[in-house]
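Engineer: Next comes the sequence, and after it the predicted model I'd like to discuss.
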Amino acid sequence: MGAVSNNQVGATVEEFQSRSTDLTDGFHLLMDALELNGITNIYGLLGIPVTEIGRLWQARGNNFFSFRNEQNAGYAASVAGFLTRKPGICLTVSAPGFLNGLSALSNATTNCFPMILISGSSEREIVDLQQGDYEEMDQLNIARPFCKASFRVNRLQDIGIAVVRAVRTALSGRPGGVYLDIPARLLAQTLPAEEGKKSLFAPVDPAPAQLPSPEAVARAVEVIKGAKKPLILLGKGASYAQCDADIKALIEETGIPFTPMSMAKGVVSDTHPQCGAAARSMVLQESDVVILVGARLNWLLAHGKGKTWGNTTKKFVQIDIQANEIDSNVPITAPLVGDIGSCVNALRVALKGMAKPAEWLKAVSEKASASRAKLAVKLSTPTPMMNYFNSLGAIRDVLKAHPDTMVVNEGANALDNARMIIDQYLPRHRVDTGTWGVMGIGMGSAVAAAVETGKRVVAISGDSAFGFSGMEIETITRYNLPVTVIVMNNGGVYRGDEISPKHQISCMQFNPNTRHDLLMQAVGGIGVRVTTPEELAKALETSLASGKPTLIEAIIDPAAGVESGRIGNLNVVSQIGKNKA
Ligand code: ADP
Ligand code: TZD
Ligand code: MG
C-alpha cells in the first residue's frame, strides 16, 4: 500500500492534498465568517479545542491578542465593542475559560457594549449525560441569563448564519453580549469548499436606525419649550452612538446646559462653556426638565428620585433605543424611543429658533466656575505625602497638553476623584468601571483602547483595582503597546491605614511595600516610583513622549482615601457598634 493519509484511509497523500484544497472545515468557515463581518481583532486565551483558530487567524494577517486570563480578554473585547460599534470578539476554551470570559460578557451586556464570546465546548452526548468529558459544562444554557442570546452551531453549514445572527443580536437595538458555542467536533469537520463559501454572507444594516415617532417628538418639544431650567444629561449610550457633532449642535442651538455621566465625558468637551459637570448637584436639583440622552435612571443617578434630584417632581424627556427602559424608575413625561442620532436630529429640527434659557445657563456656569476655582486650590496644595487631589491634579495638567490620550480608570477613591478632576476633551476617550463599578477592567480595557484607536493610553488604577488584572502588564509589554499604567498606591482598599482590633493584618490592607513598578520592569517595561506631584508629572510626560509601556507607582497617603470613595452612602454598616465583634 502506498502513502496513506491518517484521515482518509485508502487515499494517497497526493490525492488527499488535492482533495483537501477543495475542502473547508469548521476552523476556516468560522474565520471566513468573522472576516466577512468586518472582524480583524480577536482577544482571547487559547487551548483545546480552539488553539488552531489563533494560529490560522494570525496566518491570515489578522490580529490575535493573547491574554493571561480570559476575563481580561473579555473586558478588552467589550471595550473594543464600545469604541468601534463592531462586536468585540473574545475566544476561550471550554468550561473554566468560558466561565472566566462569561463575567466580561455579562459586564458587556450590563453596560450595553456589543461583544461576542466564542468558546469551544465538549462533546454534547457526553456533556448531556454528564459522563465527565474533558472540561465538561453545559455552556450554552449557563450563558443564557448573562447575555442577549446564547447560540450553538451544530452543523458546518450553519456557521455563517450563526455568526451573522450573533453580530446582529449584539449590535441591534440596545447593544450587548452574545455567546456563541462551538463544539470541538464541528471545528474539524469538513465540507466541500464551494458549499461552505455559499453558506456565508454579510448582514445588511445590522444596527438599523430607529426613528422616533412624530408624536413623540412633538410631545418632547412641548415639554422642552415649556422648561425654565432645562438640562441635557448625556450617558454612555450617547458616547456609543457616535453622533457627537449632532449632540453638540443640539446643545449649542438650544443653549441648554449639559452634564455627562462618566463615560460620556468628552462627547462634548468638559471645558465647553455649557458644561455643568462642576455644578452637578445644582443642575440635578434645580432643573425642571431633564433630557436624558442614552443614560439610564439607575443607581448612578439615584433612580431619578430623592435629594440628589432636589426632592421635587421633574419632567423627564428620555431618549433610549430600548422601549422598556422608559418608566423604569420614575414616570417619563416624554419618551423618545429610537436611536440617539435620529432622535437628536429630530429634536434639532423641531427646536430650531427656541428661546435659549440664558439666565439659567448663566447661573449654572457661574456655579461651575466657582467650583472649578475651589477645586483648583485643592489640586495645587502640597501635602507631606501625595493625596488624591494633588496627584490627580498633576495628571490632569499633563493630559491637558495631550487631549487625545485614552484614559482608563478604576478603583474607588482613585476612580471617583479622577472622574471629577481629569477633564475629557474628546468623545470616547474615557473607559471606566461602568454600570457595575467593576474592579479589574483596567488592563484589558487599556489593551483594547490602544489596539482599537492606535492612541496613547493612560490607565489610572487603585492598587486594589490593579491587582485584579495586573498580570496583563506582560500582555502590554509583549505587544509593546503605548500604555502608561498609574497605580495609585495607598496600600489598601479605600485606605491603607486601617488597624485591625486584634492586631491582625487588616482585611482592607495590602502590603504597603509592594513595588508594582518593579513588577513592570520584570516583564520588560519601564517602572518608575514617584512620591510627589512633580515627579508624577515628569514621569507621565516622559512615558507619553516615549510611547513605551510604563508603570508609574504613585505613593499616596494611606490616610487620604475615604470608605467606598464617593458612594459611601451605598455602604451598609453594623448598627451594633464599630468593630464590635
Ligand atoms: P450611563 O451609565 O452613562 O448613565 P447607561 O449605560 O446607564 O449610561 O445607559 C446607556 C443607555 O443608552 C442604555 O439604556 C441603552 O439602551 C442606550 N443606548 C445605547 N446605544 C444607543 C443608541 N445608539 N441609541 C439610543 N439609545 C442607546
Ligand atoms: N470586586 C469587584 C470585581 N468589583 C468591586 N467593585 C469590588 C470587588 C469591591 N470594590 C469596590 O467597589 S472598590 C474596590 C473594591 C475591592 C477597591 C478600591 O481600592 P483601590 O482604590 O485601591 O482600587 P482606592 O484608591 O484605594 O480607593
Ligand atoms: Mg487603594
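Structural biologist: Perfect, thanks for sending it. Numbers count the residues shown, from 1 in each chain. Ligands and ions are numbered 1, 2, ... in the order given.
Engineer: Give me the distance between Asn413 and Val167.
Structural biologist: The gap separating Asn413 from Val167 is 39 Å, by Cβ to Cβ, to the nearest Å. (Glycine included, C-beta is placed from N, CA and C.)
Engineer: So for these two, which sits in the more crowded spot?
Structural biologist: Val167 (27 against 24; other Cβ atoms under 10 Å).
Engineer: Contact partners for the residue positioned nearest the centre of the chain?
Structural biologist: In the chain, the C-alpha nearest the mean C-alpha coordinate belongs to Val79, at 4.2 Å (Cα atoms, centre = their mean). For Val79, the contact set (Cβ atoms under 8 Å, 6 or more residues apart in numbering) comprises 88, 113, 431, 441, 444-445, 448-449, 452.
Engineer: Same question for Gln210.
Structural biologist: Per Cβ under 8 Å, 6+ apart, neighbours of Gln210: 173, 321, 337-339, 342.
Engineer: Next, it: phi, psi?
Structural biologist: phi -130, psi 110 (degrees, to the nearest 10).
Engineer: What does the pLDDT read for it?
Structural biologist: We have a pLDDT of 98 for Gln210.
Engineer: give me the number of residues near the residue lying closest to Leu300 once chain neighbours are set aside?
Structural biologist: With Cβ to Cβ, 6 or more residues apart in numbering as the criterion, Leu300 has its nearest non-adjacent residue at 6.6 Å, and that residue is Met261. Residues lying near Met261 (other Cβ under 10 Å) number 25.
Engineer: For ligand 1, see how far away Met261 is.
Structural biologist: Separation of Met261 from ligand 1 (Cβ to the nearest ligand atom, to the nearest Å) stands at 3 Å.
Engineer: Who are the contact partners of that residue?
Structural biologist: With Cβ under 8 Å, 6+ apart, Met261 has these contacts: 233-236, 295, 300-301.
Engineer: Closest one of those residues to Asn154?
Structural biologist: Lys236 (36.2 Å; Cβ to Cβ).
Engineer: how deep is that closest one tucked in, by neighbour count?
Structural biologist: For Lys236, using other Cβ under 10 Å, the count is 27.
Engineer: Then Asn298?
Structural biologist: For Asn298, using other Cβ under 10 Å, the count is 15.
Engineer: mind listing what it touches?
Structural biologist: By Cβ under 8 Å, 6+ apart, the residues touching Asn298 are 328-329, 435.
Engineer: about what we covered before: rebuild the contacts of Val79 as JSON lines, extending it with pLDDT.
Structural biologist: Listed next are those as JSON lines, based on pLDDT from 0 to 100:
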{"residue": "Gly88", "pLDDT": "98"}
{"residue": "Phe113", "pLDDT": "99"}
{"residue": "Val431", "pLDDT": "98"}
{"residue": "Ile441", "pLDDT": "98"}
{"residue": "Gly444", "pLDDT": "99"}
{"residue": "Ser445", "pLDDT": "99"}
{"residue": "Ala448", "pLDDT": "99"}
{"residue": "Ala449", "pLDDT": "99"}
{"residue": "Glu452", "pLDDT": "98"}
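Engineer: Keep those residues, but drop any that are not near ligand 1.
Structural biologist: By Cβ under 6 Å from any ligand atom, no member of those lies near ligand 1.
Engineer: Would you format those residues as TSV with distance to ligand 2 included?
Structural biologist: Converted to TSV, these look like this (distance: Cβ to the nearest ligand atom, whole Å):
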residue	distance to ligand 2
Gly88	19
Phe113	17
Val431	16
Ile441	9
Gly444	13
Ser445	14
Ala448	18
Ala449	19
Glu452	23
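Engineer: between these, which is nearest Lys538?
Structural biologist: For the contacts of Val79, the residue nearest Lys538 by Cβ to Cβ is Ala449; the value is 23.5 Å.
Engineer: give me the element that closest one is part of.
Structural biologist: Element membership for Ala449 (DSSP states H and E) is helix 442-453.
Engineer: any idea which helix or strand comes after that helix?
Structural biologist: Immediately after helix 442-453, counting by DSSP H and E, sits strand 457-462.
Engineer: CA-only coordinates of that next one in PDB, if you can.
Structural biologist: C-alpha atoms of strand 457-462 as PDB (Å, rounded to 0.1, in the frame of the first residue of the first chain):
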ATOM      1  CA  VAL A 457      -3.400  55.200  26.800                       C
ATOM      2  CA  VAL A 458      -3.200  56.200  30.500                       C
ATOM      3  CA  ALA A 459      -4.700  53.700  32.900                       C
ATOM      4  CA  ILE A 460      -5.200  55.100  36.400                       C
ATOM      5  CA  SER A 461      -5.900  52.300  38.800                       C
ATOM      6  CA  GLY A 462      -6.200  52.000  42.600                       C
END
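Engineer: Residue in this structure with the shortest distance to ligand 2?
Structural biologist: Ligand 2 sits closest to Gly462 of the chain, with a gap of 2.1 Å, by Cβ to the nearest ligand atom.
Engineer: Now do the contacts for that residue.
Structural biologist: When contacts are counted by Cβ under 8 Å, 6+ apart, Gly462 touches 410-415, 439, 487-488, 490, 493.
Engineer: Filter those down to the ones in strands?
Structural biologist: 410, 487-488 (DSSP state E).
Engineer: So which bits of the stretch 351-500 of the chain are right by ligand 1?
Structural biologist: So far as Cβ under 6 Å from any ligand atom goes, the stretch 351-500 of the chain lies against ligand 1 at Thr435.
Engineer: Where do the helices of the stretch 351-500 of the chain begin and end?
Structural biologist: Applying DSSP state H, counting those that start in this stretch to the stretch 351-500 of the chain gives helices spanning 358-379, 388-400, 413-421, 442-453, 463-469, 473-478.
Engineer: May I see the ones you listed organised as CSV, with distance to Met508 added?
Structural biologist: Formatted as CSV, those follow (distance: least, Cβ to Cβ, whole Å):
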stretch, distance to Met508
helix 358-379, 25
helix 388-400, 17
helix 413-421, 12
helix 442-453, 20
helix 463-469, 9
helix 473-478, 24
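Engineer: Give me whichever of those helices is most buried.
Structural biologist: Highest mean neighbour count among the helices of the stretch 351-500 of the chain (mean count of other Cβ atoms under 10 Å): helix 442-453, with a mean of 27.
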